[in-house]
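[1] how would this look folded up:
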Amino acid sequence: MGLNAKGRNWGQLINWDDLGKFYAAFIIAWTVLLYAGAVCLVWNRRLAFIKIRNLPLAIAAVSFLHVYLVKIFLAYTTNGHFLCSAEFWIMSIYLPFGIALFQANLIRLKSISDQQRQLLAKPPSTFHKLNPSVWGHARAQWQSLRDVQKSYLLVGYGMLIQLVITAVLYATTPTLQNDYTSYGPVTHDKGQALCRKSPQWIPSAFWQLAWAWLYGPYILFSVRNIHDTHYWRLQVIVSVISGLSGTPLWLAAVFSTAFVHINPWFVPPMWLAPGIIVMQFTTIFFPVYEIYQSRSLMRTTLAILEAWEDKKNAAESERYLTSSSSSHSLGTNVSSSKASSRLHRELCSMSSLEKALAVNPDPLLHFAATKDFTAENILFLVQVSRWRQAFQAAPCLGGAITDVARSHFFESALQIYMDRVCERTTKFPINIEWQIRRNLDNVFASAIPANVHRHNSDFASFESAAIQPVHDQDDTADMLPMTLSQEVPRQGATTRMALHSYMFPVEKAEHKFEPHPAVAPLGISRAMIRDDFSEDVFNAAEKSIKYLVLTNTWQKFVKYREEKSSWSSFEC
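    Alright, predicted model coming up:
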C-alpha cells in the first residue's frame, strides 16, 4: 500500500497516495449517494410523511454539513494547500449553520406530535381575528407561536450571533489573515499549521458541542413518549448518540500531544465526520426507506383486496371463522390458520374501514394522531360522513332543501373546508390531488372572511364527530370494531385473539349533526353559495382520502392491533 510516511506534513506536494485516493473516492461516492436520496425525496415530496418533515429545511441542513464534510475528507489529500482563512470560515459558518438547521428540523417531531394530539381535543374555535393594536398584535403573535416556531427564531438569532462572532475573530486574529486581505494593522499570515491551532477555532465547535451534549439530550427527553411509525424518534436517538464523541475528540486531537501519531493520517476534524454522516444518513435515507415501505404496503394491500374480492364474487356459502367440532385435531389447527388469514384479509377491506369509521373511529383516530400523524384524514372522513347524513335528513321543499337549510349546511361545509382542506386556515390540510383541491377552492375560498387566519392550534371543530380525547397510548387496547360479521369465533388461539381484540361495541353511535359555535360569526350570505354546492361537494376528496387511509394508515393500524392482540394472547 502506497502511503506518505510523513502524512499531512504541510509539504509542497499533495498526498495522492492510497489513503488520499480512498478519502477522495469515499467522499465522491457518498456525495452521489446522498444527493440521489435527496432527489428521491424531492420527487416524492407530495407524500404526507415527507411534507411533515419540512424537506427544504432538511436538505439545507444536509448541504451545509456536507460542505464541511467534503473539506475535512480532503484535508489529508490537499496537505495544507487550502487557505487557513477559508477553512476557518467553513468551520465557523457551514458546520454551526448545518447543526442549527438540523436542530430545527428535529424539533419538528415534538411539534407535530403535540399538534396531532391536540386534534383529539375540541377547543371552541380554529381561528381568531387580528388585533388592531401594533404592540398587542406583536405580543399576540409571539404568544401564539408554537414551541417549534420559537425554536426557529432562537436558532436564527444564534446563527446571526455566530456570524458576527466569526467576523470579529477573523478581523482581529493575525494568524487568520493572508496576503490579500487587510483589516487595519493585521495583514500577515503566521503559517498554516500554527493558524489551525489558534484558540479562535474553539467557538466554531460550540454548536456541535451544544447539540451533542445539551440540545440533543433535551430533544431526546422531549420525544421519549412518542412512538411514531415514521422512524423519526429513532432518528433523534441515533443522531444524538453518534454526535456525543465528535467535539471532545476534535478538541483533544488539536490541543493534546496524545494524538500526535494519529493526526498526520487522520486529521483532527475527521473526528466530527462519523456524527455528521449519521445525521445526513438519518435525515435522507430514513424517509427514503419509508417511501419504499409505503409502496410495498400499498402493493400488498391491493393484492389482498383483489384476492378478497375474487373470493366474494365466488359466493362462498359459509361464513369465515366457522366453528369446528374437533378442537384438538390437526384439522382444527389448519382451520384456525385459514381463519386467521381470512380475518386479516377482511380487516384490510374497504368495508371494514368504513365500518370502523361509522361505528367507533376513536381507536383509529388515536393511532393516526399519536403514531402516524395523519389524524386530519380520519377527522375529515368522519366529519364529511356525518355532514352528509345530516344533509340527507334536512327539511325539503318541492324536492330540494330549504334556503335556510342550504345556508346552514354551506356554513358547516365551509367550516370543514377551513379545518381540513384550506392551506391558509389549517396546519394540517388533507393531502388531495391538485384538481380536487382547486374545485373545493372554487366553491368555498371566496366565502372565507378576510380577517380569519390560521390559528396557533388546529383542532377538530365539528362537534358531531364525537371524538373523545385519549391520553394514554394503550387506552384503546380493546376498542377495535373491525369485522364485517358480528359472529364471534369460539375456538383456538386465533379465535380467542379475535374475541379479545375485534369485538363490536355494544351500541352503535348515534349520528347527530350540530353546527360548531364558531360557524355563526362567519356571516354567510346567499350570494356566497354557489349553484354547484350540493351534498356531493366533498365526494371526490372523500374518495381520495379514504383510499389513502385504506392503503396506508389503516393497514398499519390493523397490523399494530393484531400484534398487540397476539402479545396479549401469548401473555395469557
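
[2] SS state for the residue nearest to G216 when sequence neighbours are not counted?
    Counting by C-beta to C-beta, 6 or more residues apart in numbering, V240 is the residue found nearest to G216 once chain neighbours are left out, at 3.9 Å. All C-beta atoms are positioned from the backbone trio N, CA, C, and that covers glycine. Using DSSP: H, G, I helix; E, B strand; the rest coil, the structure places V240 in helix.

[3] Look at V240 and report its pLDDT.
    Note for V240: predicted pLDDT of 86.

[4] Report the contact partners of it.
    Taking C-beta atoms under 8 Å, 6 or more residues apart in numbering, we find V240 in contact with 212, 216-217, 219-220.

[5] And it, how far from F97?
    V240 sits 19 Å away from F97 when distances are taken as C-beta to C-beta, to the nearest Å.

[6] same question, V443
    44 Å.

[7] Looking at the two, which is more packed in?
    F97 (23 against 20; other C-beta atoms under 10 Å).

[8] Helix, strand, or coil at the nearest residue to F538 once chain neighbours are set aside?
    Once flanking residues are discounted, F538 sits nearest to V384: 4.6 Å by C-beta to C-beta, 6+ apart. Three-state call for V384 (three-state DSSP): helix.

[9] Tell me if I'm right that V384 and Q415 touch.
    No - in this structure V384 lies outside contact range of Q415 using C-beta atoms under 8 Å: 11.7 Å.

[10] Give me the below-cutoff pLDDT ranges for the stretch 351-500 of the chain.
    Where the stretch 351-500 of the chain drops to pLDDT under 70, the residues are 398-399, 451-500.

[11] Could I get the CA-only coordinates of the helix or strand encompassing E411 as PDB?
    If you go by DSSP states H and E, E411 is part of helix 403-420. Output of helix 403-420 as PDB, limited to C-alpha atoms (Å, rounded to 0.1, in the frame of the first residue of the first chain):
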ATOM      1  CA  ASP A 403     -82.900  28.000   1.600                       C
ATOM      2  CA  VAL A 404     -82.300  28.300   5.300                       C
ATOM      3  CA  ALA A 405     -81.100  24.700   5.500                       C
ATOM      4  CA  ARG A 406     -78.900  25.200   2.400                       C
ATOM      5  CA  SER A 407     -77.300  28.200   4.000                       C
ATOM      6  CA  HIS A 408     -76.800  26.300   7.300                       C
ATOM      7  CA  PHE A 409     -75.100  23.300   5.500                       C
ATOM      8  CA  PHE A 410     -72.900  25.600   3.500                       C
ATOM      9  CA  GLU A 411     -71.600  27.200   6.600                       C
ATOM     10  CA  SER A 412     -70.900  23.800   8.100                       C
ATOM     11  CA  ALA A 413     -69.200  22.600   4.900                       C
ATOM     12  CA  LEU A 414     -67.200  25.800   4.900                       C
ATOM     13  CA  GLN A 415     -66.000  25.000   8.400                       C
ATOM     14  CA  ILE A 416     -64.900  21.600   7.300                       C
ATOM     15  CA  TYR A 417     -63.100  23.100   4.300                       C
ATOM     16  CA  MET A 418     -61.300  25.600   6.600                       C
ATOM     17  CA  ASP A 419     -60.400  23.000   9.200                       C
ATOM     18  CA  ARG A 420     -59.300  20.200   6.800                       C
END
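
[12] Show me what that helix is packed against.
    helix 375-392, helix 434-444 (3 or more C-beta pairs under 8 Å, 6 or more residues apart in numbering; DSSP states H and E).

[13] Just want the angle from that helix to helix 434-444.
    Helix 403-420 and helix 434-444 are oriented at 140 degrees to each other (axes from the mean of the first three to the mean of the last three C-alpha atoms, to 10 degrees).

[14] what angle separates helix 403-420 from helix 375-392?
    170 degrees.

[15] which of the residues in helix 403-420 are buried?
    Neighbour counts over helix 403-420 (16 or more other C-beta atoms under 10 Å) mark 405-420 as buried.

[16] which one of the residues you listed sits closest to V278?
    Checking the buried residues of helix 403-420 against V278 by C-beta to C-beta gives R420 as the nearest, at 37.2 Å.

[17] Check the protein for its longest helix and report it.
    Of all the segments of type helix in the chain, defined by DSSP state H, the longest one is helix 273-313.

[18] any idea of the mean pLDDT in it?
    84.

[19] With stretch 535-544 instead?
    Confidence for stretch 535-544, expressed as mean pLDDT, is 92.

[20] Also stretch 100-110?
    Confidence for stretch 100-110, expressed as mean pLDDT, is 86.

[21] For that stretch, which outside residues touch it?
    With C-beta under 8 Å, 6+ apart, stretch 100-110 has contacts from 52-54, 57-58, 60-61, 64-65, 147-148, 151-152, 155, 158-159, 162, 207, 211, 215, 219, 222-223, 226, 228, 232-233, 235-236, 239, 279, 283.

[22] What of stretch 536-556?
    48, 229, 294, 297-298, 300-302, 348, 350, 353-354, 364, 367-368, 371-372, 374, 377-378, 380-381, 384-385, 387-388, 413, 416, 421, 430-433, 436-437, 439-440, 443.

[23] before we move on, what about stretch 242-258?
    So stretch 242-258 is contacted by 196-197, 201-202, 205, 208-209, 211-213, 216, 259, 262-263, 268-269, 271-272, 274-276, 278-279 (C-beta under 8 Å, 6+ apart).
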